[in-house]
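A.B. asks: build me a structure from this.
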Amino acid sequence: MIDPLNITNYSRTRAELEEFILNAAAFAGKNARQQAVKMHRILFHDAPVGSPFEKIRSWGSRNAVAAILTREKIGKYSLLSQLYFDLAHSDIDLATCSVDELVSYRGIGPKTARFFVLHSRRAQELVVLDTHILKEMRSLGFTVPSYTPSGKKYLELEGQYIEHLKGRGIDDFARHDLDTWKKYSLARASSAV
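C.D. replies: Take a look at the predicted model:
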C-alpha cells in the first residue's frame, strides 16, 4: 500500500510505479491517507492479477473501471476511470517518462505529474504547488494564489520557489515537499480532533 507519510521511494518496481501513479491521481484534491486505503482495496482486494495496469486491463472496459471506483467512493469517477483505462492500455514507461508526457493524459495535471516524478526519482528539481506548498510560500512572503495555478503561472512560481530553496541550501526537494505536507496536513488533522 502507498504510505502518504513515506511517499518517497527511488527503487520502485514497474508494478509499484503503476500503483504510485494511480494513487497520485486519486490523491489530487482528496485526503491522501483515505485515498491510499481505498486504492489498496481496489487493486489488491482479491487475488492479484499481475501488476495494477494488468488488473485494470482485466476489468475489460472503462465502464467497469468506473463501477469499481464508484463502489469504493474514490471520487472523480469519470475522469479517473478514463485516466486509469488510458494508462493501463498505454506503453508509457513510468521509470523514465517526463512531466510533459504525464500531463498529456487527461486527469494528470502539473502538480500530480511533478509529485510522481519527484517522489520516484532521485535529484529532481521540481515543486509540487499544492495547497501546503502555496501556504508555505505565502508565509515566506511570496504572492501566490490560494489554488494551484496552471500553465505559465505554475512554471513562474515553481521557478521562484526552486531558486528560494536553493538559496537556503535545500537540495532534497522530495524531502522538503514531504516535510511541508506533514507540517500543514498533520497540523490540520490534529486541530480537527
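A.B. asks: contacts for stretch 103-113, please.
C.D. replies: For stretch 103-113, contacts defined as C-beta atoms under 8 Å, 6 or more residues apart in numbering pick out 21, 24-25, 27-28, 76, 79-80, 82-83, 86-87, 90, 99-100, 102, 116, 128-130, 148, 150, 154. Where you see a C-beta, it was placed from the backbone N, CA and C, and this is true even at glycine.
A.B. asks: got a list of contacts for the longest helix anywhere in the chain?
C.D. replies: With secondary structure taken from DSSP state H, the chain has its longest helix at helix 173-191. Residues outside helix 173-191 that contact it (C-beta under 8 Å, 6+ apart) are 4-5, 7-8, 32, 115, 118-119, 124-128, 130-133, 135-136, 162, 165, 170.
A.B. asks: buried sites along it?
C.D. replies: 173-174, 176-178, 180-181, 184-185 (16 or more other C-beta atoms under 10 Å).
A.B. asks: and of the residues you listed, the nearest to residue 70?
C.D. replies: residue 185 (26.2 Å; C-beta to C-beta).
A.B. asks: quick check: the gap between that closest one and residue 170.
C.D. replies: 19 Å (C-beta to C-beta, to the nearest Å).
A.B. asks: out of the contacts of stretch 103-113, which are inside strands?
C.D. replies: When these are checked against strands using DSSP state E, none is located there.
A.B. asks: mind checking which of those residues are buried?
C.D. replies: By 16+ other C-beta under 10 Å, the contacts of stretch 103-113 give 21, 24-25, 27-28, 76, 79-80, 82-83, 86-87, 99, 102, 116, 128-130, 148, 154 as buried.
A.B. asks: give the contact list for residue 170.
C.D. replies: residue 176.
A.B. asks: hmm, I typed the wrong one, I wanted residue 161.
C.D. replies: 127, 129, 133, 137, 142.
A.B. asks: tell me the secondary structure at it.
C.D. replies: Counting by DSSP: H, G, I helix; E, B strand; the rest coil, the backbone at residue 161 sits in helix.
A.B. asks: again with residue 144
C.D. replies: coil.
A.B. asks: enumerate every residue touching it.
C.D. replies: 129, 134, 137-138, 157.
A.B. asks: hmm, 10 Å instead?
C.D. replies: Shown in contact with residue 144 (C-beta atoms under 10 Å, 6 or more residues apart in numbering): 129, 133-138, 153, 157, 160-161.
A.B. asks: look up how far residue 35 lies from the most centrally placed residue in the chain.
C.D. replies: With distances taken as C-alpha atoms, centre = their mean, the residue of the chain nearest its centroid is residue 24 (2.7 Å). To residue 35, residue 24 is 10 Å away according to C-beta to C-beta.
A.B. asks: please apply the same query to residue 16.
C.D. replies: 17 Å.
A.B. asks: and what of residue 77?
C.D. replies: 13 Å.
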